[in-house]
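Chemist: with the input below, show me the fold.
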Amino acid sequence: MDTQDQEALHIVVFPWLAFGHMIPFLDLSKRLARRGHAVTFVSTPRNAARLGAVPPELAARLRVVKLDLPAVEGLPDGAESTADVPPEKVELLKKAFDGLAAPFERLVTKGCATAAAGDSEVAAFSKKPDWIILDFAQNWIWPIAQEHKIPCAMFLIFTAGFLAFAGSKQQNEAQPRTTTEDFMVQPPWIPFPTTMSFRRHEAEWIAAAYRPNASGVSDVDRFWQVHHPSCRLIVIRSCPEAEPRLFPLLTDIFAKPAVPASLLLPDDEEDARGGDDGRSFSDAMRWLDEQPQRSVIYVALGSEAPVTADQVRELAFGLELSGARFLWAVRRPVGHSGELLPDGFEARVAGRGVVRAGWVPQVRVLAHAAVGAFLTHCGWGSTVESLFRFGLPLVMLPFITDQGLIARAMAARGVGVEVPRDDADGSFRRDDVAAAVRRVMAEDEGEELARNAREMQKVVGDRAKQEQYVDELVDYLQRYK
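Modeler: Numbering: from 1, shown residues only. Sure, this is the predicted structure:
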């Protein structure tokens, strides 16, 4: 975008400590930097290292500032992201995150001070920030922004549907939801029919987000700081083509502009984030090269879904029973040691199934001609990469946050099949996994799902339109600063 007619902005970007948040925040930062704006991306040292180096062509406009995460009793040493802790300790990570308030305030206050060698708290600001783009979690940032007269935009990596389901603080106070059952139905402030409902096990997770945790505050109370006067925009990783009718509704619900940031579609080149753990992936790519076109289902449940060892084993048996070719990016549950896969599993599926632990170049795999479907936890980032970028139909196994809403919406649009789950505890059976995989990979129903997915990709995955949304976001940042 030509920025000659617009003032270059200085934007501080500060995500919550989860890779499902940090990666899209960094993707947005790169897009803003490519449009000529200075971006200061704030994280912790270990996370910054794992996110990788800034592209050389953006180094003059995109800088990473590292703040040391304070120690909290019960939080493992070196834990700096939700990927480093079991689900029950994430609330301790939030408590540590709250300890970044003081160093972040010093960072803003010192302004143009140059970082001393080894000083992890201060980096050079080219000028006072024009904006702070923050996540849902920084309920302590508002006094800082207000004191320094810096406007804020809350960037939310969840779906617009999830935000509509959450609703405003005023709506929830007027029509309180106090039981699990209250979260299993569409809220009354959404005035048109949708697929928005949670299964019981999902609703229990959502209801817990309304209760204070070890940090002393609930996740929803953190999010409801979106009503603060310093928050001028709600920015959402989505677009109207992916989620019709919701952006005007959200603007009305929260009484401020709800702006699409685009889907932040991945680039064509291989996903180079992270690093290989020593096991070369080249043999798996050679195996893919040898498989028939659209014959392989790629299996990955994200980096942070709370998958148990029992669920991993049940999924393994389901893949074995399906008879399908598969490439599985398996992740060991945090805290689990010992054998993970069933005895003899890899030997029994040899030739038609490949299992890889550790880092997998997901975008590169999804782009491969041999891959015809994706078994996913329905995280929004994975849905964007697979369905909207490459037009792949889905086998859906949602766990938490907005994943259930995404699964229901994609099933309604005829682009995926959800694995049946026990409504109370969320368990699933191997036979149901196998049946869902067969349906999506079959010639008849599978081809219809694939055709629907490709049609959806043509509309939602229009790269020029997606980049236009980023341009329009910049216009909002210029107008509302």
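Chemist: could you report the neighbour count for R348?
Modeler: Here the number of neighbours of R348 (other Cβ atoms under 10 Å) works out to 13. All C-beta spots, glycine's among them, are computed from the backbone N, C-alpha and C.
Chemist: what about it, distance to V433?
Modeler: In this structure, R348 and V433 are separated by 16 Å, where distance is defined by Cβ to Cβ, to the nearest Å.
Chemist: which strand residues bridge E418?
Modeler: Beta bridges link E418 to M396, judged by DSSP bridges.
Chemist: quick check, Y480 in contact with L233.
Modeler: Yes. The pair formed by Y480 and L233 meets the contact definition of Cβ atoms under 8 Å, at 6.0 Å.
Chemist: okay, these two: which has more neighbours?
Modeler: For Y480 against L233, the residue with the higher neighbour count under other Cβ under 10 Å is L233, and the figures read 23 against 14.
Chemist: quick one: which helix or strand includes the closest residue to the more buried one other than its chain neighbours?
Modeler: Closest residue in space to L233, ignoring its immediate chain neighbours: A153 at 4.0 Å, by Cβ to Cβ, 6 or more residues apart in numbering. Using DSSP states H and E, A153 falls within strand 152-156.
Chemist: that older thread, touching both of Y480 and L233, which residues are there?
Modeler: Jointly contacting Y480 and L233 under the rule Cβ atoms under 8 Å, 6 or more residues apart in numbering are P257.
Chemist: which stretches of the stretch 201-350 of the chain form strands?
Modeler: Applying DSSP state E, counting those that start in this stretch to the stretch 201-350 of the chain gives strands spanning 231-236, 258-260, 296-300, 325-330.
Chemist: quickly run through the sheet partners of the shortest one, with directions.
Modeler: With DSSP bridges as the test, strand 258-260 is paired with strand 231-236 (parallel).
Chemist: between the partner strand and strand 152-156, what angle do the directions make?
Modeler: Taking axes from the mean of the first three to the mean of the last three Cα atoms, to 10 degrees, one finds strand 231-236 and strand 152-156 inclined to each other by 20 degrees.
Chemist: I figured R245 hits P191, correct?
Modeler: No. In this structure, R245 is not within contact of P191 by Cβ under 8 Å, at 9.6 Å.
Chemist: so which of these two has more stuff around it?
Modeler: When neighbours are counted by other Cβ under 10 Å, R245 and P191 differ, and R245 comes out ahead with 13 against 9.
Chemist: quick check: chain neighbours aside, which residue is closest to the more buried one?
Modeler: Across the structure, with Cβ to Cβ, 6+ apart as the measure, the residue nearest R245 apart from its sequence neighbours is F192 (6.4 Å).
Chemist: about what we covered before: out of the strands of the stretch 201-350 of the chain, which is the most enclosed?
Modeler: Per-residue neighbour counts averaged over each of those give the maximum for strand 296-300, namely a mean of 25 (mean count of other Cβ atoms under 10 Å).
Chemist: which residues are contacting that strand?
Modeler: Contact partners of strand 296-300, identified using Cβ under 8 Å, 6+ apart, comprise 288, 315, 319, 324-330, 360, 362, 365-366, 368, 370-377, 382, 386, 392, 395, 437, 440-441.
Chemist: what angle do it and strand 325-330 make?
Modeler: Angle, strand 296-300 to strand 325-330, by the same axes, to 10 degrees: 10 degrees.
Chemist: so how far is strand 296-300 from its chain's centroid?
Modeler: In terms of Cα atoms, centre = their mean, to the nearest Å, the gap separating the centre of strand 296-300 from the centre of its chain is 19 Å.
Chemist: per-residue confidence averaged over that strand?
Modeler: Across strand 296-300, the average pLDDT comes to 98.
Chemist: burial count for A79?
Modeler: With other Cβ under 10 Å as criterion, A79 counts 21.
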